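*Asks:* Sequence first, then the predicted structure:
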Amino acid sequence: MLNLVLFGPPGAGKGTQSQSLIEKYQLVHLSTGDILRSEIANGTELGLEAKKLMDQGLLVPDEVVIGMISNKLDANKDAKGFIFDGFPRTVAQAEALDMLLKSKGTAISGMIALEVNDEELQKRLLLRGKDSGRADDADPEIIKRRIKEYNDKTAPVAGFYKDQDKFYSINGIGNIESIFESICEVIAKF
Ligand code: B4P
């Protein structure tokens, strides 16, 4: 099974690259951001709680996203593999994911981190904010807070996979196709 964690700060291109990866490798795409936005769109209780945090650029509690991922893994028992996009975002989420996959007799194949500097992230997210309707993309102060949340809580997740010898870093600046090729070269080494 190919189980890939796509990692990087907000706006690094995780969602963008996932689209091409799921097609090429026939993986099930698990984006916690997309799942949360669909809960919001459906007006569920979980969605209403998540929206308050997401609109401020803050992370949603670990137990909420871990529960969502567990349900999705159970719902896709015959998958060839998974691409985890935007998850795990904390070390507690990474530990929970390891346990969930172990209980299903599988494991993470590798983490690929897209490296993009803060200035480029700001530029990309504000550009998307012009027509995405996403409150968290519209305000430079909220974007700064998302980047701070990433540096404080999410960046340490890289160390978790480095310790397991599963960490690979890629330059996330440049054209989308050449970044995709670099990711495929890394996957070929798994
Ligand atoms: P997410 O939905 O995961 O999204 P993201 O961080 O905004 O972005 P991504 O890296 O996928 O960027 P994209 O490809 O779209 O998170 C949103 C919020 O949900 C979080 O802040 C948090 O509140 C909550 N959340 C989600 N998961 C959670 C978890 N596990 N735990 C707790 N809370 C969680 O690219 C961005 C833009 O850049 C696009 O417009 C794209 O077109 C452009 N772009 C991409 N690649 C480019 C390139 N190479 N060059 C130029 N532009 C590019």
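*Replies:* Thanks, I have it. Quantities reported herein were computed from a predicted structural model and do not represent experimental measurements.

*Asks:* Which residue does this protein have closest to the ligand?
*Replies:* Residue nearest to the ligand within the chain (Cβ to the nearest ligand atom): residue 33, separated by 1.8 Å. In this view, the C-beta of every residue, glycine as well, is placed from N, C-alpha and C.

*Asks:* What strand or helix carries that residue?
*Replies:* helix 32-41 (DSSP states H and E).

*Asks:* Pull the residues that contact that helix.
*Replies:* Contacting residues not belonging to helix 32-41 are listed as 15, 46-48, 50-51, 54, 60, 65, 68-69, 72, 85-87, 89 [Cβ atoms under 8 Å, 6 or more residues apart in numbering].

*Asks:* Give me every residue in the chain lying close to the ligand.
*Replies:* In this structure, the chain approaches the ligand at residues 8, 10-16, 32-33, 36, 53-54, 57-60, 65, 86-87, 89, 93, 124, 128, 136, 146, 176, 179, judged by Cβ under 6 Å from any ligand atom.

*Asks:* Doesn't residue 113 lie inside a helix?
*Replies:* No - assigned with DSSP: H, G, I helix; E, B strand; the rest coil, residue 113 falls outside any helix and is strand.

*Asks:* Pick out the residue nearest the middle of the chain.
*Replies:* residue 86 (1.3 Å; Cα atoms, centre = their mean).

*Asks:* How about the backbone phi and psi for that residue?
*Replies:* Torsion angles at residue 86 (phi, psi; degrees, to the nearest 10) stand at phi 80, psi 10.

*Asks:* and residue 133, how many neighbours does it have?
*Replies:* By other Cβ atoms under 10 Å, 9 other residues sit near residue 133.
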